[in-house]
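*Asks:* Quick one, structure for this:
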Amino acid sequence: MSDIFREVEEEVRRDRLERIWKEYGDYIVAAIAIVILAVAAYRLWNVYQAREAARASVRYISAQRLMESGQVQPAAREFAHLSQTAPKGYAQLSQMQEADALAASGNAATALANYRKLIDSGDEMLSSIARIRAAWILVEGAPKSEVESMLGGMAAKTNPWYPVAGEILAYADYHAGDARRALAEFQALAKDPKSPAGVRGRSNAMATFLAAGGEHDVGKPLYPELPGTLTAGPKIIPRGVTSPAPPAPGPQGTVPAKTNGSPANSNTAPANSNTAPAQPAPKDQSQK
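*Replies:* Residues are numbered from 1 along each chain as shown. From the prediction side, this is the model:
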């Protein structure tokens, strides 16, 4: 009896599967095909991305070499192309490098526009770097308030970026003529153990420069003529004193000498250079 029931159950199950296949078989085949195509497309996309990244890497390195060799304008054009065509990572780095090249070539306005785009990109690291580089451009001509606005929260002493931002603000004070405040800020940065080595070194150099009175314009140095030297620098003539004119050359290019305030007779005939030499005395013939 158990074998009969088992055969009946298998037959019912077979009929149910056949009914399901007839009704949904096409959908099942389509779903399997879609899964296979999706996996193949994903793998092809990864291969394409890897190939494009390799091409972008080669062009990026080539543009960097142009930048390092001082060809900033060709480098800017190459980075601009990469920022539009390269994969996302290389595109953002190329946009940063393009802004650096534009700033180096003197095109500060376009460089600032690129930096502002990177600030709004959403990448925290790139945004921070773009803020620092944009602030270095602004510090040369904009008021300190605008520089502080560009740096934002990075100017807070609790921010990890503060040593780098603080160097820019100290330079802004120096550029604005507040040498005393700039000196205090540079000294603090030079002594801060949290400051990077580069910031400490530059801050120490600026503090030494300002402490020595380097912000004062002392004018051009004078070079007095020293006695006993052939070339001792330009001769200093007091104001109101006219420099005496050099004596006019003589007929044959010689300068006439002065004797008791009157020139010597320039018509004196020169010595005859064709005078024959004196003849030797004849020998005494008696001594032979």
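
*Asks:* What are the boundaries of the helices in the stretch 51-200 of the chain?
*Replies:* Here the stretch 51-200 of the chain has its helices, by DSSP state H, counting those that start in this stretch, at 72-85, 88-104, 108-119, 124-138, 144-151, 162-176, 179-191, 197-211.

*Asks:* any idea how far the spatially most central residue of the chain lies from Val58?
*Replies:* In the chain, the C-alpha nearest the mean C-alpha coordinate belongs to Ala104, at 5.7 Å (CA atoms, centre = their mean). Remark: distance between Ala104 and Val58 (CB to CB, to the nearest Å) = 23 Å. Where you see a C-beta, it was placed from the backbone N, CA and C, and this is true even at glycine.

*Asks:* ok, back up a step: of all the helices of the stretch 51-200 of the chain, which lies closest to Asn46?
*Replies:* Minimum separation from Asn46 across the helices of the stretch 51-200 of the chain (CB to CB) falls at helix 88-104, 14.6 Å.

*Asks:* which of the residues in the closest one are buried?
*Replies:* Under the neighbour-count criterion of 16 or more other CB atoms under 10 Å, helix 88-104 has 90, 92-103 buried.

*Asks:* ditto for stretch 168-178
*Replies:* 168-174, 178.

*Asks:* Taking these together, which two end up most distant?
*Replies:* The distance between the two most remote of the buried residues of stretch 168-178 (CB to CB) is 14.4 Å, for Ile168 and Asp178.

*Asks:* So Lys194 sits against Trp161, correct?
*Replies:* No - with contacts counted by CB atoms under 8 Å, Lys194 stays clear of Trp161, the gap being 10.9 Å.

*Asks:* Which of the two has more residues huddled nearby?
*Replies:* Neighbour tally, Lys194 and Trp161, criterion other CB atoms under 10 Å: the higher count belongs to Trp161, 17 against 11.
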